[in-house]
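Student: What follows is a predicted protein model with its sequence.
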Amino acid sequence: MNGDGVISASADAPSYVRTPAAELLRSLPVDRPLARYDLAGSLAHVEALGAAGVLDRAQVARLTEGLRAIGREIAGGTFPWRDDLEDVHTNVEHRLTALVGPLGGMLQAGRSRNDQIAVDERLYLRAAVARAAQGLLELQEALLGRASEEVATAMPGYTHLQRAQPVTVGHQLLAHFWRFDRDLDRLFATVERSDRSPLGAGALAGSTLGLAPEATARRLGFSAAFENSLDAVSDRDPLAELLFDLALLAVHASGLGEEIVLFATKEFGFLERTEALGSGSSLMPQKRNPDVAELARARAGRAVGDLVALLTVLKGVPLAYDRDLQEDKAPVLDAVATVDGTIAGLARLVRSLRFDRARLETAARDPELYATDLAEALVTRGVPFREAHELVRTHLGSSPSTSTVRVAPSSGAPAVELAIDPASALSRRRSPGGPGPAALAAQLDLARRRLELRRTSLSSLVRKVELIEELVNEGTT
Ligand code: ARG
């Protein structure tokens, strides 16, 4: 870099990165985290060059050892990164040539940075999803664990944030569990749909060297290679899907965050204000702020912004590689880091939430919560529901009682009375998927079995992530 912050290429830099525009063009700061995947792609490509007879066995072995040595340098923090070499790909190729001599110049035969970056990103996506899924499973386990402790803890259920009907804390927590379960499903499906290797597509039209993209695909743990080389170098659908999955996950996390913020207010008082919620105030001694939940609420903004940023970059871009596509990485890396941090923080918070059961019990004894049950009791006596609805509505307003709700049908039929008792209100709820004790026990069971299934899916994904690590580390002790 010269005194103006302008990058000037050293004499040994390849001509294709020499330009006065280098400062704007370089992607090294964002693509460095992809280095391991770049090495894996290069190792598979070197094998493909060997299989095609472009390189002999000894050459394949030298290049392979050179690439693995680079892997060790990067992991050990000794790799000489150079800004003037524009990106991770050219840094690796240049270093390889320094280590193994002019043979390093064979690395890019039959390959372009266009198919290279596309494969790097898919391998990154696989590992990122495995990490996010691990975090999500921990959050779901926390929700499930806390739900099973609070199956019988009644609380008011809300619609429009107004007290509606009794539910339990367990039922409320499991509602969040299922949202995150769908997020997990979407993340796994995104990896499934991205299961095509772009390597071998070259710049846009393949190569004349007799490479076999199907073999390279399998070496990298993909079940197939691309169908169309133009599509292969352009396709950023996996990243757009990942960002949507993460944005919706973050939106779900923000809903959970908002409830924690509300329930920890003195006005609700359902949650004790412990240190796990967040920090205190530097000024007001009494404060304990729900910072973790507030950040979960806010960070959905970042994740949604990242999705919009990527879709806007992709809009109108013609086929094959265009430099616009370089702008895909920053939003992806940002969303992945943002969501990982948020779910880890939420899992910790959920594990340590302390419910104020006395306060919840009092709230669950609000007579209003029993209005619908009373109307339904009238229905079982043959009163048309619309009439029952009106009777209860006028009655509740006029004669509140502390232990029962009672209403007499206008026909002169006997009055209907219900005890204000959360436990019996809950046991009346036998509908599947509801907050009643039997339904909730069945739901807990379903959730436990679902977690088991998800763990199995995660371990097959983790095996593919490890395959890449083994490819890069092989022969390394
Ligand atoms: N740094 C580029 C990116 O991230 C790599 C591909 C460059 N290809 C090219 N034709 N200049 O998209």
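Tutor: Received the coordinates, thanks. Numbers count the residues shown, from 1 in each chain.

Student: where does the protein come near the ligand, residue by residue?
Tutor: Within the chain, the positions adjacent to the ligand are 27, 31, 87, 113, 114, 117, 321, 325, 326 by C-beta under 6 Å from any ligand atom. Bear in mind the C-beta positions are built from the backbone N, C-alpha and C, glycine included.

Student: So which of those are in helices?
Tutor: When these are checked against helices (DSSP state H), the matches are 31, 113, 114, 117.

Student: Without its sequence neighbours, what residue ends up closest to the first one?
Tutor: The shortest distance from residue 31 to any residue other than its chain neighbours is 4.4 Å, reached at residue 88 (C-beta to C-beta, 6 or more residues apart in numbering).

Student: list the contacts for that neighbour?
Tutor: 27, 28, 31, 32, 34, 35, 38, 120 (C-beta atoms under 8 Å, 6 or more residues apart in numbering).

Student: Which two of these have the greatest separation?
Tutor: Pairwise distances across the contacts of residue 88 peak at 13.3 Å for 28 and 120 (criterion: C-beta to C-beta).

Student: who has more neighbours, the two?
Tutor: Shown here are residue 28 and residue 120; by other C-beta atoms under 10 Å, residue 120 has more neighbours (27 against 18).

Student: In the stretch 351-477 of the chain, what residue comes closest to the ligand?
Tutor: Closest approach between the stretch 351-477 of the chain and the ligand, counting by C-beta to the nearest ligand atom: residue 468, at 19.0 Å.

Student: any idea how far residue 444 is from residue 145?
Tutor: As judged by C-beta to C-beta, to the nearest Å, residue 145 and residue 444 stand 10 Å apart.

Student: Quick one: the strands in the protein, in order.
Tutor: Residue ranges of the strands in the chain, as given by DSSP state E, are 154-159, 162-168, 196-197, 224-225, 404-407, 416-419.

Student: In space, what's closest to the residue of the stretch 151-300 of the chain found nearest the ligand - neighbours in sequence excluded?
Tutor: The stretch 151-300 of the chain approaches the ligand most closely through residue 203 (7.1 Å), counting by C-beta to the nearest ligand atom. Counting by C-beta to C-beta, 6+ apart, residue 203 lies nearest to residue 112, which is 3.8 Å off, once chain neighbours are set aside.

Student: How many residues are close by residue 164?
Tutor: The number of residues near residue 164, taken as other C-beta under 10 Å, comes to 15.

Student: Might you report the residue contacts of the closest residue to it other than its chain neighbours?
Tutor: The shortest distance from residue 164 to any non-neighbouring residue, by C-beta to C-beta, 6+ apart, is to residue 157 (5.2 Å). Contacts for residue 157 were tallied using C-beta under 8 Å, 6+ apart; they are 163, 164, 165, 166, 167, 171, 172, 369, 435.

Student: Just among those, which is most surrounded?
Tutor: Neighbour tally across the contacts of residue 157 (other C-beta under 10 Å): the maximum, 28 neighbours, falls on residue 166.

Student: so residue 9 touches residue 84, yeah?
Tutor: Yes - in this structure residue 9 lies within contact range of residue 84 using C-beta atoms under 8 Å: 4.5 Å.

Student: so what's in contact with these two at the same time?
Tutor: Shared contacts of residue 9 and residue 84 (C-beta under 8 Å, 6+ apart): 17, 22.

Student: Count the residues that sit near the closest residue to residue 245 other than its chain neighbours.
Tutor: Computed as C-beta to C-beta, 6+ apart, the closest residue to residue 245 that is not its neighbour in sequence is residue 186, at 4.5 Å. Neighbour count of residue 186, defined by other C-beta under 10 Å: 17.

Student: Tell me which residues touch residue 186, please.
Tutor: Residue 186 touches 241, 244, 245, 248, counting by C-beta under 8 Å, 6+ apart.

Student: okay but the first one is in contact with residue 193, surely?
Tutor: Pointing back at residue 241 there. Yes - Residue 241 is within contact range of residue 193, at 6.9 Å (criterion: C-beta under 8 Å).

Student: Of the two, which one has the most company?
Tutor: residue 241 (19 against 11).

Student: got the contact list for the nearest residue to that one once chain neighbours are set aside?
Tutor: With C-beta to C-beta, 6+ apart as the criterion, residue 241 has its nearest non-adjacent residue at 4.4 Å, and that residue is residue 190. Contact analysis of residue 190 by C-beta under 8 Å, 6+ apart lists 125, 129, 238, 241, 242, 245.

Student: ok, back up a step: would TSV of the contacts of residue 186 with pLDDT be doable?
Tutor: Formatted as TSV, these follow (pLDDT from 0 to 100):
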residue	pLDDT
241	98
244	98
245	98
248	98
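
Student: among those, who's most crowded?
Tutor: Busiest of those [other C-beta under 10 Å] is residue 245, holding 25 neighbours.

Student: Please report how far that residue lies from residue 47.
Tutor: Using C-beta to C-beta, residue 245 is found at 32 Å from residue 47.

Student: returning to what we had before: save the contacts of residue 157 as TSV, and put in pLDDT too.
Tutor: TSV is the format used below for those (pLDDT from 0 to 100):
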residue	pLDDT
163	96
164	97
165	96
166	97
167	97
171	98
172	98
369	95
435	95
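
Student: And the furthest pair within the residues you listed?
Tutor: Across these, no pair lies farther apart than 163 and 171, at 15.3 Å, counting by C-beta to C-beta.

Student: State the pLDDT value of the closest residue in space to residue 297 that isn't next to it in sequence.
Tutor: Spatial nearest neighbour of residue 297, chain neighbours left out: residue 257 (3.9 Å); criterion: C-beta to C-beta, 6+ apart. If you check residue 257, the pLDDT there is 98.

Student: For residue 257, give me its contacts.
Tutor: Counting by C-beta under 8 Å, 6+ apart, residue 257 makes contact with 292, 293, 294, 295, 296, 297, 346.

Student: Now render those as TSV, adding pLDDT and distance to residue 383.
Tutor: Formatted as TSV, these follow (pLDDT from 0 to 100; distance: C-beta to C-beta, whole Å):
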residue	pLDDT	distance to residue 383
292	96	48
293	97	44
294	97	47
295	97	50
296	97	46
297	97	44
346	98	46
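
Student: what's the farthest-apart pair in those residues?
Tutor: Pairwise distances across the contacts of residue 257 (C-beta to C-beta) peak at 11.6 Å, for the pair 294 and 346.

Student: Neighbour count: those two, which is higher?
Tutor: Comparing residue 294 with residue 346 by neighbour count (other C-beta under 10 Å), the higher total belongs to residue 346, at 26 against 17.

Student: Am I right that that one is in contact with residue 256?
Tutor: Yes - taking C-beta under 8 Å as the definition, residue 346 is a contact partner of residue 256 at 6.5 Å.

Student: so what's residue 394 scoring on pLDDT?
Tutor: 88.

Student: whoops, I mixed them up, residue 408
Tutor: Looking at residue 408, its pLDDT stands at 81.

Student: Can you give me the neighbour number for the residue nearest to it when sequence neighbours are not counted?
Tutor: For residue 408, ignoring the flanking residues on the chain, the nearest one in space by C-beta to C-beta, 6+ apart is residue 415 at 4.0 Å. With neighbours defined by other C-beta under 10 Å, the count for residue 415 comes to 9.

Student: please renumber so the chain begins at 129
Tutor: Shifting the count to begin at 129 puts that one at residue 543.

Student: So what does residue 543 look like in phi/psi?
Tutor: Main-chain torsions, residue 543, degrees, to the nearest 10: phi -70, psi 150.
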